[in-house]
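what follows is a predicted structure for the sequence shown.
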Amino acid sequence: MRATDREQSILAEAIRFFAEHGFEGQTRELAKRLGITHSAIYRHFPSKEALIERVYEQVYLSRWQPGWGPLIQDRSRPLEARLGQFYREYAAQVFDHDWVRIFVFSGLRSFDITGRYLDIVRREVIEPACAELRQELGLPDIAILPLTERETEMFWGLHGRIFYIAIRRFVYQTATPAELDDVVGDAVRGFFIGARELSRELVAGRLPAATP
């Protein structure tokens, strides 16, 4: 087998292995599953940490679509429509057994896959969506009145609601809807019923009182 093919074979099996056993799984056991020597893994990956980094790139970074950030900020469409499209596309990418289980295992251990990935979500989706909601409601720009935790937590709540379906499916292994488009649409619509009014209240509470 060519070196590049062997490397891809190790990486593919490592993804499955870590999804089953978490990052406490030993590379010796991974080598046995592959039918190769332990040292053969380290000819392609200098350390377990380097292998995990490649798992992160393959499983997480490769699925993040470069068009999602611009989609959130596309003011030619209502924000509700933008987020509906984003979360339908997002669910199609991340509702995957290995993706979800590795994500959870990483959060339980010292590997920073979860934190690094959520930082992307925060920068590309959560904070821009907060800013876009303010713009849509005619509220002060975040450059004038910075975002608060309560505003960002509204959008993390929506994100968490949708991702919890994946947790139920792949971690708890309980029944979840087979078709997600309508469920995701319901979550986004339900979110905006309350978010518009709450956002107005949160921002209004920080504005200086009008001079009589």
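Received, thanks. Numbers count the residues shown, from 1 in each chain.

wait, residue 121 sits on residue 160?
No. If you go by Cβ atoms under 8 Å, residue 121 and residue 160 don't touch, sitting 10.6 Å apart. Just so you know, the C-beta spots here come from the backbone N, C-alpha and C atoms, and that holds for glycine as well.

between the two, which one's more packed in?
When neighbours are counted by other Cβ atoms under 10 Å, residue 121 and residue 160 differ, and residue 121 comes out ahead with 17 against 11.

and the more buried one, helix, strand or coil?
State at residue 121, reduced to three classes by DSSP: H, G, I helix; E, B strand; the rest coil: helix.

report the contact partners of the nearest residue to it once chain neighbours are set aside.
With Cβ to Cβ, 6 or more residues apart in numbering as the criterion, residue 121 has its nearest non-adjacent residue at 6.7 Å, and that residue is residue 159. Residues in contact with residue 159 (Cβ atoms under 8 Å, 6 or more residues apart in numbering) are 121, 125-126.

what's the first helix or strand after the one helix or strand residue 159 maps to?
Per DSSP states H and E: residue 159 is located in helix 149-170. Per DSSP H and E, the first helix or strand lying C-terminal to helix 149-170 is helix 181-204.

list the buried residues in that next one.
Residues of helix 181-204 classed as buried: 183-184, 187-188, 191-192, 195, 199, 202-203 (neighbour count, 16 or more other Cβ atoms under 10 Å).

what do you get for stretch 148-160?
151, 154-155, 158-159.

may I have stretch 97-110 as PDB, with CA atoms only?
Output of stretch 97-110 as PDB, limited to C-alpha atoms (Å, rounded to 0.1, in the frame of the first residue of the first chain):
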ATOM      1  CA  HIS A  97     -22.300   9.000  14.400                       C
ATOM      2  CA  ASP A  98     -18.500   9.600  14.400                       C
ATOM      3  CA  TRP A  99     -18.800  13.400  14.400                       C
ATOM      4  CA  VAL A 100     -21.100  13.600  17.400                       C
ATOM      5  CA  ARG A 101     -19.500  11.000  19.500                       C
ATOM      6  CA  ILE A 102     -15.900  12.300  19.000                       C
ATOM      7  CA  PHE A 103     -17.300  15.800  19.800                       C
ATOM      8  CA  VAL A 104     -18.700  14.600  23.100                       C
ATOM      9  CA  PHE A 105     -15.700  12.500  24.100                       C
ATOM     10  CA  SER A 106     -13.400  15.500  23.400                       C
ATOM     11  CA  GLY A 107     -15.500  17.700  25.700                       C
ATOM     12  CA  LEU A 108     -15.100  15.200  28.500                       C
ATOM     13  CA  ARG A 109     -11.300  15.100  28.200                       C
ATOM     14  CA  SER A 110      -8.400  17.500  27.900                       C
END
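
all set now, cheers.
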